[in-house]
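# fold the following.
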Amino acid sequence: MNTENQVVANATETKRRGRPAVEGSKRQAVLAARAERIAGGAEIKRGRPASETSKRHIKLQERAERIARGEKVGPGRPKIKVEVTA
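Numbering: from 1, shown residues only. Prediction:
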């Protein structure tokens with residue numbers, strides 16, 4: 001019997017994997033609302049929203065302005081030049 005030329009005729013359906021969808025659940029409502037926002041053209045973001053007045057946000061804006069002016073911006077804290085007089 002040649003096993004290379006045999007065709008399996010009894011294909012079975014596989015169960016759906018993942019989390020089961022329960023109609024009317026909170027998760028389905030959240031997913032439907034998200035899909036509606038995406039269809040409406042809204043931007044979907046994840047995580048904690050950034051505050052426009054936070055110190056980090058102000059620092060990032062200043063950094064972007066310095067880069068736009070053409071200044072060299074390196075990583076980390078700026079080096080302070082100390083002159084030694086003898």
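# please identify the buried residues of stretch 33-46?
Within stretch 33-46, no residue counts as buried by 16 or more other C-beta atoms under 10 Å. (C-beta placed from N, C-alpha, C; glycine too.)
# what's the average pLDDT for that stretch?
Mean pLDDT, computed over stretch 33-46, is 88.
# next one: stretch 69-86
80.
# what about it, distance to the chain center?
Centroid displacement of stretch 69-86 relative to its chain, using C-alpha atoms, centre = their mean, to the nearest Å, is 34 Å.
# got the contact list for it?
Arg63, Arg66, Ile67 (C-beta atoms under 8 Å, 6 or more residues apart in numbering).
# show me the residues you listed that map onto helices.
Arg63, Arg66, Ile67 (DSSP state H).
# tell me the backbone dihedrals of the residue nearest to the first one when sequence neighbours are not counted, please.
When you say that, I think you mean Arg63. Distance criterion C-beta to C-beta, 6 or more residues apart in numbering; nearest residue to Arg63, sequence neighbours excluded, is Val73 at 5.9 Å. The phi/psi pair for Val73 (degrees, to the nearest 10) reads phi -120, psi 120.
# quick one, strands of the protein?
Counting by DSSP state E, the chain has no strands to list.
# how many residues are close by the residue nearest to Arg63?
11 (other C-beta atoms under 10 Å).
# cool, the one 4 residues further on as well?
Neighbours of Arg77 under the rule other C-beta under 10 Å: 6.
# next one: it from Glu71, what distance?
Separation of Arg77 from Glu71 (C-beta to C-beta, to the nearest Å) stands at 16 Å.
# do Glu52 as well
Glu52 is 23 Å from Glu71, by C-beta to C-beta.
# check Gly47 too.
Using C-beta to C-beta, Gly47 is found at 30 Å from Glu71.
# Gln28: what's it in contact with?
Ala21, Val22.
# oh, that last question was meant for Glu62, not what I typed.
No contacts exist for Glu62 under C-beta under 8 Å, 6+ apart.
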